[in-house]
Every structure is written in C-alpha cells, then in structure tokens.
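Student: give me a model of this one.
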Amino acid sequence: MHALLAVASSFTGPRLDYHALAPEIILTATLVLVLLADLVLEERNQWLISNLAGIGVLASVIPIITLAVQNHAARSMAGGAYVVDDFSLVLKALFLGIGYVVLLMSTNYVEEGDYYQGEYYFLLLASLLGMVVMASARDLITIFVALETLSIPAYMLAGWRKRDLKSNEAAIKYYLLGVLASAVMLYGMSLVFGYTGSTVLTEIGKQVNGSITHKPVITLGIFFIVIGFAFKVSAVPFHFWAPDTYEGSPTPVTAFLSVASKTAGFVALLELIYVGFLGRNDVWGPMFWVLAALTMTVGNLIALRQTNVVRLLAYSSIAQAGYVLVPFAVAGDNIAARRSSFTAAVVYLMIYAAMNLGAFSVVIAVARKTRSGDISSYGGLFEYAPGLTVAMTVFLFALAGIPPAGGWFAKLMVFRAVLDSGTTWAVVLGVIAGVNSVIALYYYAAVAREMWMSPVPDGDVTPVRVPAPLLASLGLTGLVVMAIGVYPQLFAHFGDLGTLVR
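Tutor: Residues are numbered from 1 along each chain as shown. Now for the predicted structure:
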C-alpha cells in the first residue's frame with residue numbers, strides 16, 4: 001500500500017503556489033474573457049472590451065499587494081525555475097502599471113486606418129503576460145518562453161495598421177530581426193546548458209566561474225546571449241530596427257514597445273547577469289561598456305537630426321537604453337558597485353517608464369488635432385493647448401535629467417554606481433554619459449522651444465479635446481514623474497527592495 005502511494009505521489013507533478021501565481025492566472029483569465037467578449041459583443045459595444053482589459057490588469061495587481069504585505073520570503077517553484085520574491089513583485093507591478101497606462105492611451109485612439117477590435121487587447125494582454133512571467137523566470141527555458149510570449153504578439157501589434165505600408169514594413173523588420181536575435185540567444189543558451197548540464201540560473205552560477213580562456217564554451221555562450229538581448233533592448237549597433245518600427249506602429253503600440261518590451265529585456269539581463277553569470281564579469285563587463293558608450297552616443301547624435309517627434313523619441317529611447325546599460329558595465333567591479341548598479345538599473349527603468357509613456361500620451365493628444373508627427377506641427381502649442389505644453393515640457397526635461405522632474409534622480413543613481421566602482425574605465429564611461437546628457441538636452445529643448453516660442457503653423461488655435469482615458473494616462477505619468485523628482489527616496493527604496501544581490 002505504501003509503495004502504491006509513493007508511486008501515485010510521483011505522478012502528481014510539481015507543487016504550485018496558486019497565491020504566488022495569482023497575477024498570471026488573473027491575466028490569463030482576462031485574456032480568455034476578452035476573446036470571448038469580442039465574439040459575442042456587437043460592434044457598438046466593443047468599447048466594453050477595453051474596460052474589461054483594464055479591470056483585469058488592475059485585478060492582477062491585488063495579489064501582488066497581498067504577497068508583498070504577507071511576507072518577504074521567496075516562493076520557489078519548479079525546482080527554482082520560477083521564483084516569486086521582492087524583485088519579481090516590484091517588476092510585475094511595474095509591468096502591470098505600464099500595461100494599464102497603455103490601455104488608457106489606446107482607448108478612443110483615433111487615427112485613419114486604425115481599428116481596435118478585441119484582438120488588439122488580446123495581443124496586448126498576451127504580451128503583458130509574457131513580461132509578468134519574465135519577472136519570475138530564473139531558468140533559461142522559462143526566460144526564453146517568456147521572451148517569445150511577449151515578443152510574438154508585439155510583432156503583430158507593430159503591423160496593426162494593415163493597409164499602411166509603413167506599418168507593414170515596421171512589422172516585417174521587427175519580426176525578422178527579432179527572430180534572428182532569438183536564434184542567436186538560443187544558441188548561446190544551448191552552449192551554457194551543454195557545459196553546465198542545467199538550465200536553472202542558480203546552478204549555472206555555481207559552475208561558470210573562471211577566466212575568459214579557462215572555459216571558452218561558457219565565454220561564447222554568454223557572448224551570444226548578451227548579443228541576443230542587445231537586439232531586444234535596441235542597443236547600438238543592433239538598434240536599426242527600432243526607429244522604423246516605432247514610426248510605423250500605431251502610437252500606443254510604439255509607447256508599449258519602447259517602454260514595456262525594452263524593460264522586459266533589461267529584466268532578463270538582470271536575472272541572467274546577477275544570478276547566472278555574476279562570476280564571469282570579465283566577459284560581460286567589457287561588452288556592456290562598449291554597448292553603453294555606443295548606444296548613448298549614437299542614439300543622441302542621430303536624434304539631433306530628426307524632424308519627426310516619434311522618430312526623435314525612438315532615438316531618445318535608444319539613448320536611454322545606453323544609460324541603463326552603464327550600471328551593467330560597472331556591476332562586476334566590486335561589491336558596492338554591484339549593489340548600487342542593481343538599484344540604479346531598476347530605478348532607472350521605473351522612472352523611464354513614466355517619462356516615456358507621458359511623452360507619448362502628449363504625442364497622441366496633439367496628433368488628434370494636427371494629424372502630423374512633425375516637430376514643426378508643435379509650433380505655438382502653448383497658444384491653444386497650454387496644459388499639454390506644460391506636460392510635454394515636464395516629460396522632455398525629465399528625460400534630459402533636469403530637476404525637479406524625476407529624470408535627474410535616475411541619472412544620479414547611474415553616476416553613483418560609476419563612482420562606487422571607482423575604476424578608470426568606469427570614470428571614463430561616466431564622463432561619456434555626462435557629455436551625452438548635455439547633447440540630449442539640446443534636442444529635447446528644441447521641441448520645447450517649438451511649443452513655447454514658435455507661431456502656430458496653420459494659424460488654427462482651436463483647443464485640443466483630450467479624451468478622459470488619455471487625460472488619465474497623462475495625469476498618472478505626470479504625477480509619478482513629479483513625485484519622483486520631489487521625493488526620490490521612495491523609489492530608491494523600491495530599487496533596494498527588489499534586488500537579486502545577496
């Protein structure tokens with residue numbers, strides 16, 4: 001009898017913590033409900049689908065709060081492949097917050113050729129589910145599955161304007177280069193697995209210590225994995241898909257790709273570097289140094305020449321990725337740099353999300369009147385939309401790192417990580433970051449000058465009507481950006497709380 005019970009128990013499968021998995025379960029249920037609602041609702045009632053999606057995202061936040069309040073002990077499942085800890089809870093909350101703001105931006109979004117059926121919200125939620133899973137992934141397979149879950153819907157969202165040639169081009173470029181990046185990354189993961197015999201990051205971390213020449217297979221594997229994720233976060237020289245994809249996609253999708261998708265790539269890098277490959281900083285440290293320097297510099301220099309505000313924000317997001325890469329480059333120098341670098345990366349991602357989503361919200365609002373993305377169409381915006389002008393100015397100067405908007409604190413955390421490192425190469429990288437911050441201020445200020453000082457191009461000063469959901473997204477992002485600037489200690493606490501450094 002005991003033998004039968006033992007055999008039966010062996011087929012019960014892994015134990016699952018349903019409380020820890022509640023955010024993913026609620027999001028999955030919302031996906032199904034959205035798809036069913038799209039089947040049964042008449043066209044005049046399609047607006048209910050966006051409300052259903054928003055309610056599902058907000059409901060997913062509730063178990064995150066209860067898990068955070070209950071205790072801070074990590075919940076591990078599937079042999080350590082899936083972990084719910086403070087780090088994952090902070091990042092899941094960030095992803096769900098981003099998703100909710102993008103849903104607000106998408107509601108009542110009107111542009112010729114755009115039509116938002118239930119499939120749009122289904123794809124958006126499916127990609128969001130992949131990001132939430134990514135926050136808990138501690139295994140090469142889980143990371144890859146989460147990455148594909150978030151990427152495949154994003155490929156289709158990029159080409160949502162089906163009759164627009166630019167949108168089709170955006171989707172094709174994003175898809176082809178995304179598949180290439182996935183293949184390179186998967187090859188690197190296979191090399192790491194072949195040497196270590198495990199896909200769990202904690203087990204990999206115990207076996208990969210050594211020098212570049214000591215274990216060349218591991219060196220090659222880490223190289224390919226970092227290159228694959230460099231595509232995903234649009235780091236130079238693997239950035240060439242981003243500007244065309246961002247310009248060709250509907251603006252809410254562009255905001256989603258430039259913030260949520262990029263953040264998910266950085267979250268995966270944090271997990272890989274700090275849990276799996278921490279002992280091989282001689283491999284990834286120089287790679288991140290070069291990527292950070294190139295990404296900041298190239299992104300900012302090309303942004304100087306842009307005449308379209310979406311393309312300007314696209315190159316701006318590339319440059320911002322370079323700033324996030326700076327802490328990665330110095331993380332392996334010493335223990336102090338390791339801790340401050342992790343906090344800097346997490347805090348920068350949180351602040352960047354609010355700044356960029358806010359800027360794109362203004363772009364959507366202004367385009368409702370001008371039907372143009374040209375920077376010249378922002379001329380005299382203050383005359384007929386003073387609120388939008390002030391909001392856009394706040395977001396632009398936040399991206400530039402000018403107080404009191406919150407961007408200054410993100411850059412301060414980056415420079416703190418550089419100083420904690422203290423090496424010559426770290427200081428050089430810090431100087432490059434400082435110079436690039438000055439360059440970025442020029443093109444951000446150029447847009448502000450157009451809004452405040454130039455005349456209205458067509459003389460039409462009819463006020464811009466902003467729908468309530470879009471107004472809510474502007475209010476939320478603006479509140480967060482200013483709150484960070486005035487009281488940054490709270491967000492620094494979230495960065496310290498959500499750490500993988502022990």
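Student: which secondary structure element is home to the nearest residue to residue 102 once chain neighbours are set aside?
Tutor: Once flanking residues are discounted, residue 102 sits nearest to residue 256: 4.7 Å by Cβ to Cβ, 6 or more residues apart in numbering. Any C-beta I mention is one placed from the backbone N, CA and C, and that applies to glycine too. For residue 256, the element it lies in under DSSP states H and E is helix 251-256.
Student: now residue 430
Tutor: Using DSSP H and E, the element containing residue 430 is helix 424-453.
Student: from the chain's centre, how far out does that helix sit?
Tutor: With Cα atoms, centre = their mean, to the nearest Å as the basis, helix 424-453 stands 21 Å off its chain's centre.
Student: packing partners of the helix or strand following that helix?
Tutor: Next along the chain after helix 424-453, taking DSSP H and E as the criterion, comes helix 468-486. Applying 3 or more Cβ pairs under 8 Å, 6 or more residues apart in numbering; DSSP states H and E, we find helix 468-486 packed against helix 86-106, helix 335-370, helix 386-400, helix 407-421, helix 489-497.
Student: quick one: closest of the ones you listed to residue 292.
Tutor: Closest of the helices and strands packed on helix 468-486 to residue 292 is helix 407-421, at 9.7 Å (criterion: Cβ to Cβ).
Student: for the closest one, buried residues please.
Tutor: Of the residues in helix 407-421, 407-418, 420-421 count as buried by neighbour count, 16 or more other Cβ atoms under 10 Å.
Student: who touches it?
Tutor: Here helix 407-421 makes contact (Cβ atoms under 8 Å, 6 or more residues apart in numbering) with 323, 326-327, 330-331, 333-334, 336-337, 339-341, 343-344, 347-348, 351-352, 355, 397-402, 426-427, 429-430, 433-434, 437, 481, 484-485, 488, 491-492, 495.
Student: list the buried residues of the helix holding residue 430.
Tutor: Buried positions in helix 424-453, judged by neighbour count with 16+ other Cβ under 10 Å: 426, 429-430, 432-433, 436-437, 439-441, 443-444, 447-448, 450-452.
Student: same question, stretch 321-341
Tutor: Within stretch 321-341, the residues scored as buried using 16+ other Cβ under 10 Å are 321-333, 337-341.
Student: cool, and stretch 348-359?
Tutor: For stretch 348-359, the neighbour count (16+ other Cβ under 10 Å) marks 348, 349, 350, 351, 352, 353, 354, 355, 356, 357, 358, 359 as buried.
Student: ok, and the closest non-adjacent residue to residue 17?
Tutor: Spatial nearest neighbour of residue 17, excluding adjacent residues (Cβ to Cβ, 6+ apart): residue 75 at 5.1 Å.
Student: surely that neighbour and residue 88 touch.
Tutor: No - using Cβ atoms under 8 Å, residue 75 makes no contact with residue 88, being 9.2 Å away.
Student: thinking again about what came up before, how about the residue nearest to residue 17, what does it touch?
Tutor: Taking Cβ under 8 Å, 6+ apart, one finds 17, 20, 67, 83, 84, 85 in contact with residue 75.
Student: distance of the fourth one relative to residue 137?
Tutor: I take that to be residue 83. 8 Å (Cβ to Cβ, to the nearest Å).
Student: all helices for the stretch 51-200 of the chain, in order.
Tutor: Along the stretch 51-200 of the chain, counting by DSSP state H, counting those that start in this stretch, helices occupy 86-106, 118-136, 140-158, 165-196.
Student: let's have these in TSV, adding distance to residue 384, mean neighbour count and mean pLDDT.
Tutor: Converted to TSV, those look like this (distance: least, Cβ to Cβ, whole Å; neighbours: other Cβ atoms under 10 Å; pLDDT from 0 to 100):
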stretch	distance to residue 384	mean neighbour count	mean pLDDT
helix 86-106	21	25	91
helix 118-136	31	25	91
helix 140-158	32	21	91
helix 165-196	28	18	88
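Student: with distance to residue 288 added, can I get those helices in a markdown table?
Tutor: As requested, the helices of the stretch 51-200 of the chain are exported to a markdown table (distance: least, Cβ to Cβ, whole Å):
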| stretch | distance to residue 288 |
| --- | --- |
| helix 86-106 | 20 |
| helix 118-136 | 19 |
| helix 140-158 | 18 |
| helix 165-196 | 15 |
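Student: for residue 205, find the nearest of those helices.
Tutor: Checking the helices of the stretch 51-200 of the chain against residue 205 by Cβ to Cβ gives helix 165-196 as the closest, at 9.3 Å.
Student: which element follows that closest one toward the C-terminus?
Tutor: Downstream of helix 165-196, the next assigned helix or strand under DSSP H and E is helix 201-205.
Student: can you pull up the most central residue in the protein?
Tutor: A centroid search over the chain (Cα atoms, centre = their mean) returns residue 263, at 2.2 Å, as the residue closest to the centre.
Student: list the residues that contact that one.
Tutor: Residues near residue 263 by Cβ under 8 Å, 6+ apart: 91, 94, 95, 98, 131, 349, 352, 353.
Student: and residue 498, what pLDDT?
Tutor: Residue 498 is assigned 55 on the pLDDT scale.
Student: correction: residue 454
Tutor: 85.
Student: you'd agree it is up against residue 382?
Tutor: No - Residue 454 is beyond contact range of residue 382, at 9.6 Å (criterion: Cβ under 8 Å).
Student: now do the host helix or strand of residue 294: which elements does it pack against?
Tutor: Assigned by DSSP H and E, residue 294 belongs to helix 281-303. Contacts defined by 3+ Cβ pairs under 8 Å, 6+ apart place helix 281-303 against helix 216-232, helix 309-330, helix 424-453.
Student: confidence-wise, which of the helices and strands packed on helix 468-486 is weakest overall?
Tutor: Sorting the helices and strands packed on helix 468-486 by mean pLDDT places helix 489-497 lowest, at a mean of 67.
Student: so which of the helices of the stretch 51-200 of the chain gets nearest residue 388?
Tutor: helix 86-106 (14.0 Å).
Student: and the closest one, how far out from the chain middle?
Tutor: 10 Å.
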